[in-house]
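> Sequence first, then the predicted structure, then my questions.
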Amino acid sequence: MAFAVYNDVVNAFPSDRTDQPLVKAFNTLPAAVLAADPVKDGGHRVVFLSGNDAEANTQVADLVGKLGFSAINLGSLTQGRLAQFGGPLMVHNLIKHA
């Protein structure tokens with residue numbers, strides 16, 4: 001199932017735009033969790049991200065940090081499917097401690 005979700009995301013963008021950076025983030029936690037304080041029990045709630053451009057991944061990871069979350073960069077969009085529905089990371093609501 002996770003592979004199907006990955007294909008849905010990739011196929012949602014026209015093939016003539018594959019040279020454009022694409023980063024997925026903030027899509028593995030419910031809205032209510034994202035709206036709550038990202039600092040919990042002395043740590044920061046984790047947001048997984050993945051993308052097709054390392055520089056864009058870094059920029060989004062910086063944004064995640066500025067919003068008070070802790071980014072875990074899974075790497076490529078292919079690796080991002082680990083956090084999608086059916087993937088092994090999707091059920092985890094993680095807190096990262098420094």
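Ah, there it is. Nothing here was measured: the structure is a model prediction, and the numbers come from that model.
> so how far is Phe26 from Lys66?
13 Å (C-beta to C-beta, to the nearest Å). For every residue, glycine as well, the C-beta is placed using N, CA and C.
> ok, these two, which is more surrounded?
More crowded of Lys66 and Phe26, by other C-beta atoms under 10 Å: Phe26, with 16 against 8.
> Got the phi and psi for the more buried one?
phi 60, psi 20 (degrees, to the nearest 10).
> Model confidence at it, what's the number?
For Phe26, the pLDDT comes out at 91.
> Pretty sure it sits against Val46.
No. Assessed by C-beta atoms under 8 Å, Phe26 is found out of contact with Val46, at 11.3 Å.
> Please work out how many residues are found near the nearest residue to Lys40 once chain neighbours are set aside.
Closest residue to Lys40 apart from its sequence neighbours, by C-beta to C-beta, 6 or more residues apart in numbering: Ile95 at 5.3 Å. Residues within reach of Ile95, counting by other C-beta under 10 Å, total 14.
> Would you mark the buried spots in stretch 51-70?
Residues of stretch 51-70 classed as buried under the neighbour-count rule (16 or more other C-beta atoms under 10 Å) are Gly51, Asn52, Asp53, Asn57, Val60, Ala61, Leu63, Val64, Phe69, Ser70.
> What are the contacting residues of the helix or strand hosting the fourth one?
Read it as Asn57. Per DSSP states H and E: Asn57 is located in helix 54-66. Helix 54-66 is contacted from outside by 21-23, 25-26, 47, 49-51, 70-71, 73, 75, using C-beta atoms under 8 Å, 6 or more residues apart in numbering.
> quick one, longest strand in this structure?
strand 43-51 (DSSP state E).
> Kindly calculate the angle that that strand makes with helix 54-66.
160 degrees (axes from the mean of the first three to the mean of the last three C-alpha atoms, to 10 degrees).
> Now do the same contact list for the residue lying closest to Ser76 once chain neighbours are set aside.
Leaving aside its sequence neighbours, Ser76 sits nearest to Ser50 (C-beta to C-beta, 6+ apart; 6.2 Å). Neighbouring residues of Ser50 by C-beta under 8 Å, 6+ apart: 23-25, 57, 73-80, 83.
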